[in-house]
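Enquirer: Structure of the sequence below:
(chains A and B)
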Amino acid sequence: MGDPKGGLTPAAPPLERAVDSARLLAGDKAEWDRFVRRAGPVIYAAVLRRLGPAGASADAEDVAQEVFARLCRRDRPLAGYDPKRASLSTFLTVLATSAAIDHLRRKRPADPIESVPEHRLSVPAAEPRERLKVPDDLLTPRQKLVMTLLYDREMEVADAAAFLGVDAQTIRSTHHKAILRLRAHFAGDKEGKPLVSQDEA
Amino acid sequence: MTESDHDKAVWRRFADRQESPVHPPRPEAAAERPPKDAGEELLLAAWIDGRLEGAEREAVEARLSGDPELLDLAVSAAGSRGLAAPWPKRAEARAAALVAPSRPGWRTVAAAAAAVVVVALGGFEMGRAGSLWLADDTETDLAAELGLLPDTDLMETLL
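Expert: Now for the predicted structure:
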């Protein structure tokens, strides 16, 4: 996963303890100033970490401002924040990362059609849906997620383990079980197609 | 073809047959995405913090495996979790200025107005009493200067 944590430092103790959310939501100016002082570095770090590898660090201040502007709007997300569900710093990190991703999307010019990979342009096959469907419960959500991380995002086992908060052996074992189920399913596929088509090979 | 390539092909064959096929992110479609709501972001934060259990956790993981953009957000946010960066003072000032100092309530305004009226009336009364006392004092001094008895009507004498 791209950027190591260069220039960024571990955040101070939990924000929840430093912020009086009731006063913050009541529009208390002093509390807002304290919140900005404490939350700013967390939001800025998340934005910077996402924009940096895309060469857009110069926009980090503006994107952080967008996050604060959203936080103090009438429908502010802070009103829906529940400290029992998630830590405030993780919640703010998600908001900030989301804002940074949206910013990069807005900045990016549309890809010229010739540079778009063919599989993205392909029209879904006109075959009956029933024939193509696979059982919904063939893989568990966790197995699907592990396979997505390993094959679609091409993550290393260690990175996938860190992301899911489990050890590497658990990832290997989950992958192994998923592959066995998929092989068994396609081996008995009534379509009789080879596991790997000539084109794929 | 290696075993890993083979496994990947099996996975792709499965992923392409899902109701919501799993594909790598399509940036060209991103502009049309509806904005995420705070509830969705809180749920994702809870998942990243490892605070979800059972069906709730499975529901988030099912969404993550079927929505590459949401997965991208989760991976990126999880990597930034617990980090801080010193941000410029001017940015802090701009963010702080988003909330204006709160305006006083009507009770505070009414109390301040009442205080002004009381002070003004008090001042007026004190001024009036002071000027009466001063006028009286000035009359006594003048009578003494003219060598008149204290009970003499000064105005009558002068006229």
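
Enquirer: can you give me the strands for the chain?
Expert: All of this is about chain A. In order along the chain, chain A carries the following strands (DSSP state E): A:9-10.

Enquirer: please go with chain B instead
Expert: Listed in chain order, the strands of chain B (DSSP E) span residues B:83-84.

Enquirer: so where's chain A uncertain?
Expert: Counting by pLDDT under 70, chain A shows low-confidence ranges at A:1-6, A:11-13, A:74-75, A:109-132, A:189-201.

Enquirer: to the chain's geometric centre, what's the distance from the helix ranked longest in it?
Expert: Ranked by residue count and defined by DSSP state H, the top helix of chain A is helix A:29-51. Centroid displacement of helix A:29-51 relative to its chain, using Cα atoms, centre = their mean, to the nearest Å, is 20 Å.

Enquirer: buried residues in that helix?
Expert: The neighbour-count check on helix A:29-51 (16 or more other Cβ atoms under 10 Å in any protein chain shown) flags A:31-36, A:38-51 as buried. C-beta coordinates here come from the backbone N, C-alpha and C atoms, glycine included.

Enquirer: Of those, which ones also sit close to chain B?
Expert: Intersecting those with the contacts of chain B gives A:32, A:33, A:36, A:40, A:41, A:42, A:44, A:45, A:46, A:48, A:49, A:50 (criterion: Cβ under 8 Å from any Cβ of the partner chain).

Enquirer: Tell me how many other residues surround residue B:101.
Expert: By the criterion of other Cβ atoms under 10 Å in any protein chain shown, residue B:101 has 10 neighbours.

Enquirer: Could you find the closest non-adjacent residue to it?
Expert: In this structure, residue B:101 finds its nearest non-sequential neighbour in residue A:29, 4.7 Å apart by Cβ to Cβ, 6 or more residues apart in numbering or on different chains.

Enquirer: from what I can see the one you found touches residue A:72, true?
Expert: No - judged on Cβ atoms under 8 Å, residue A:29 makes no contact with residue A:72 at a distance of 10.9 Å.

Enquirer: Need the residues touching each of these two.
Expert: Here residue A:29 and residue A:72 share the contacting residues residue B:99, scored by Cβ atoms under 8 Å, 6 or more residues apart in numbering or on different chains.

Enquirer: isn't residue A:82 right up against residue B:43?
Expert: No - shown here, residue A:82 and residue B:43 do not form a contact pair, counting by Cβ under 8 Å, at 10.4 Å.

Enquirer: For the two, indicate the residue with more neighbours.
Expert: More crowded of residue A:82 and residue B:43, by other Cβ under 10 Å: residue B:43, with 19 against 11.

Enquirer: Spatially nearest residue to the more buried one (excluding sequence neighbours)?
Expert: Ranked by Cβ to Cβ, 6+ apart and with sequence neighbours excluded, the top spatial neighbour of residue B:43 is residue B:60, at 6.2 Å.

Enquirer: cool, residue A:78 as well?
Expert: Leaving aside its sequence neighbours, residue A:78 sits nearest to residue A:71 (Cβ to Cβ, 6+ apart; 5.7 Å).

Enquirer: can you pull the contacts of the one you found?
Expert: For residue A:71, counting by Cβ under 8 Å, 6+ apart, the contacting residues are A:77, A:78, A:95.

Enquirer: Among the residues you listed, find me the one that's closest to chain B.
Expert: Of all these, chain B sits closest to residue A:77, with 3.3 Å by Cβ to the nearest Cβ.

Enquirer: what number of residues lie near that closest one?
Expert: Residue A:77: 20 surrounding residues under other Cβ under 10 Å.

Enquirer: Can you read off the pLDDT for the closest residue to it other than its chain neighbours?
Expert: Nearest in space to residue A:77, with sequence neighbours left out and distances taken as Cβ to Cβ, 6+ apart, is residue B:38 at 3.3 Å. Confidence at residue B:38, expressed as pLDDT, is 71.

Enquirer: Tell me how far residue B:38 lies from residue B:46.
Expert: Residue B:38 sits 12 Å away from residue B:46, going by Cβ to Cβ, to the nearest Å.
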